[in-house]
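Enquirer: Whatever this is, show me its structure:
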Amino acid sequence: MSETQTKKKNRMQIWLDEYKAMNPTDKRRAIGSLLLNNAMYIIILIAVIFIGIKEPKYFSINSIVNIINLTASKLPIALGIGGCIVLTGTDISAGRMVGLAAVIIASMSITNNRIFPGLEPLPIIVPLLAAMAVCGCIGFVNGFSVAKFKLHPFIVTLATQLITYGLILIYLKLGTNNGQTLSGFDPVYRNIVNGTLLSLSATAKIPFYVLYAVILVAVMWVIWNKTTFGKNMFAVGSNEEAATVSGVNVSKTIIMVFVLAAIMYALTGFIDGARIASVNANTGLNYECDAIAACVIGGVSFVGGTGRISGIVIGVLLLQIIFTGLNYMQVDQNYLYIIKGLIILVACAIDMRKYLTKK
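Expert: Residues are numbered from 1 along each chain as shown. The predicted model follows:
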């Protein structure tokens, strides 16, 4: 049995032992608290069962593969923004950075280049590194402003969100493009991202970017759990003053978290451009909403210092399960925004309740 499984078993055993020792009133209160703390998972489970009964195709192999693929495409941005939340902050510029990265990569990977007329598609590593460098610089600005000027991450990333969107609009007007959608990507780029990794049927295929997402999850898990940087991140998120006294370079840690997050956004843009096969000024719009919702559902607390990579993966997966199900139910796309907002509100309320209960 692994160490994680042992810890989970111990927590369950402790809860059961405490429950057995309670009087009837306390037992009812404990069960009510358990249900409230896990209300989001219960609601999603009920919704999935209901959708599955109404639409049996929801549990088909094609649907499952689609959910896996969508989860993989949304994971990098959630992995990045999760670190910002651990620091008791957030990053609402994430979606626009995804769009900027996608535009930069697309502009160097299209066959009929209107942004740089006459430029042939470059080796994919060149545009990818360029996008990571640009996004990394924006992430540095975010982290530096939060760490050195003590500005709230919401205000800083709101500013850089607007700046980044302006850069996208300006970039798309370069050359003879005049703000048009970029498409017609180099087949090499598309195959690297969208090529078939595993074929389960004629219509159910797992692309290479699922493998990339798995690798990123493993890398981020190591960074969060096995490096000094990861330990410092959690220390700063838990108590910045205590971390400073302990010798942690708080400013460096905050800047590195935002830069690492920005690099993850660039990788999201890299995947998204090839996956959708076109890029425009709206690419990445509101992606940060899904990422924040997934992180909070997965147990990354806005209180700070709490979160697990496995929780983020579960959060992204659960969101895609519910949204795919709603699409099967042919729910109006406009209602999805309302549902996303409610999910974020309920998840944050449950998260805060857990924090207040512990206090």
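Enquirer: Once you drop chain neighbours, what's closest to the residue nearest in space to the middle of the chain?
Expert: For the chain, the residue nearest the mean C-alpha position is Ala78 (1.2 Å; C-alpha atoms, centre = their mean). The spatial neighbour of Ala78 that comes closest, neighbours along the chain excluded (C-beta to C-beta, 6 or more residues apart in numbering), is Ala291 at 4.3 Å. C-betas here are computed from N, CA, C, even on glycine.
Enquirer: re the thing from before, in this structure the residue nearest to the centre of the chain contacts Val316, no?
Expert: Yes. In this structure, Ala78 sits in contact with Val316. The criterion is C-beta atoms under 8 Å, and the distance is 5.1 Å.
Enquirer: Give me the nearest residue to Thr244, chain neighbours excluded.
Expert: Counting by C-beta to C-beta, 6+ apart, Val250 is the residue found nearest to Thr244 once chain neighbours are left out, at 5.4 Å.
Enquirer: check contacts around the closest residue to Glu55 other than its chain neighbours.
Expert: Of all residues beyond its chain neighbours, the one nearest Glu55 is Tyr328 (4.4 Å), with distances taken as C-beta to C-beta, 6+ apart. Under the criterion of C-beta atoms under 8 Å, 6 or more residues apart in numbering, the contact list for Tyr328 reads 51, 55, 57-58, 63.
Enquirer: Over to Ile271?
Expert: With C-beta under 8 Å, 6+ apart, Ile271 has these contacts: 72-73, 76, 193, 209, 212-213.
Enquirer: if we go to 7 Å?
Expert: For Ile271, the set of contacting residues under the criterion of C-beta atoms under 7 Å, 6 or more residues apart in numbering consists of 73, 76, 193, 209, 212.
Enquirer: name the element it belongs to?
Expert: Using DSSP states H and E, the element containing Ile271 is helix 250-276.
Enquirer: What residues sit buried inside that helix?
Expert: In terms of neighbour count (16 or more other C-beta atoms under 10 Å), helix 250-276 has its buried residues at 250, 253-275.
Enquirer: Over to stretch 124-138?
Expert: Judged by neighbour count (16+ other C-beta under 10 Å), stretch 124-138 contains these buried residues: 124, 127-128, 130-132, 134-136, 138.
Enquirer: what do you get for stretch 156-166?
Expert: Burial within stretch 156-166, assessed by neighbour count using 16+ other C-beta under 10 Å, is assigned to 156-157, 159-161, 164-165.
Enquirer: who's in contact with that stretch?
Expert: With contacts defined as C-beta under 7 Å, 6+ apart, stretch 156-166 is touched by 90-93, 96-97, 100, 138, 141-142, 145-146.
Enquirer: can you do 8 Å?
Expert: Here stretch 156-166 makes contact (C-beta under 8 Å, 6+ apart) with 90-97, 99-100, 138, 141-142, 145-146, 281.
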